[in-house]
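>>> My questions are about this predicted structure, shown below with the sequence.
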Amino acid sequence: MHFDEIWTPPWQQQRLADLVQETKGLKGEVIEIGTHQGLSAIPIAEAIAPVILHVVDHWKGSPDIPREISDRNNYSIFIANLLDSKTNNICIHQQDWRDFAEDWHDQIRFLYLDAAHTQREVTDQITHFKSYMVVGGIIAGDDYGWPEVQKAVRASFPFDQINVEKDKLWWTIP
């Protein structure tokens, strides 16, 4: 496998796999919004196999990452990484998360947010998908240390229900 950026370090990949495993036995789907080259998607998918992981990304980049990264064909790299890892339980939704959300009506047991890191985007994602979460389900996200992400998370959940590791990974059971 080849990853140009290691935005999800090994400890975080393992923690995501552990968190999604905590929802084993719950009804509902598993979703990752913002997939890039698959560094977080692959361990999540491996942890839930044979259950399907829905990955949602338009693979056009976002305003918070450098242009040279957005201009690279990250979708092709993601597909190559899936083939290399032999991960076959991923359903790819190559679209903007808002378009995906318009058609989504199923329960969710685990949701991982790692797309655009603006307060509006993170808040809108939480607000939209929160109503689909099953009791005991987990909403997690990346880059809690980014001020805009932190503002969105803190505005969406009681402070004492937000778990954070290394000022990066955050999660809650809404």
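Perfect, I can see it now.
>>> Can you give me the buried ones in stretch 99-109?
Phe100, Ala101, Trp104, Ile108, Arg109 (16 or more other Cβ atoms under 10 Å). In this view, the C-beta of every residue, glycine as well, is placed from N, C-alpha and C.
>>> pretty sure His54 belongs to a strand, no?
Yes. With DSSP: H, G, I helix; E, B strand; the rest coil as the criterion, His54 is assigned to a strand.
>>> and it, how many neighbours does it have?
As a burial measure, His54 scores 19 neighbours (other Cβ atoms under 10 Å).
>>> Using the three-state scheme, assign Ala116.
Classified using three-state DSSP, Ala116 is coil.
>>> correction: Arg109
strand.
>>> Now do the same contact list for it.
Thr23, Leu26, Lys27, Gly28, Glu29, Val30, Met133, Val134, Gly136, Gly137, Ile138 (Cβ atoms under 8 Å, 6 or more residues apart in numbering).
>>> Just those: which are in strands?
Glu29, Val30, Met133, Val134, Gly136, Gly137, Ile138 (DSSP state E).
>>> Tell me how far Pro158 lies from Gly145.
According to Cβ to Cβ, to the nearest Å, Pro158 stands 20 Å off from Gly145.
>>> higher neighbour count, those two?
Gly145 (12 against 9).
>>> Surely the more buried one and Glu165 touch.
No. Gly145 is beyond contact range of Glu165, at 10.8 Å (criterion: Cβ atoms under 8 Å).
>>> out of the contacts of Arg109, which are buried?
Thr23, Leu26, Gly28, Glu29, Val30, Met133, Gly137, Ile138.
>>> Let me see the confidence value for the fourth one.
Among the per-residue scores, Glu29 shows a pLDDT of 98.
>>> ok, now which ones touch it?
If you count contacts by Cβ under 8 Å, 6+ apart, then Glu29 has Ile52, His54, Asp106, Gln107, Ile108, Arg109 around it.
>>> let's see it at 6 Å
Asp106, Ile108 (Cβ atoms under 6 Å, 6 or more residues apart in numbering).
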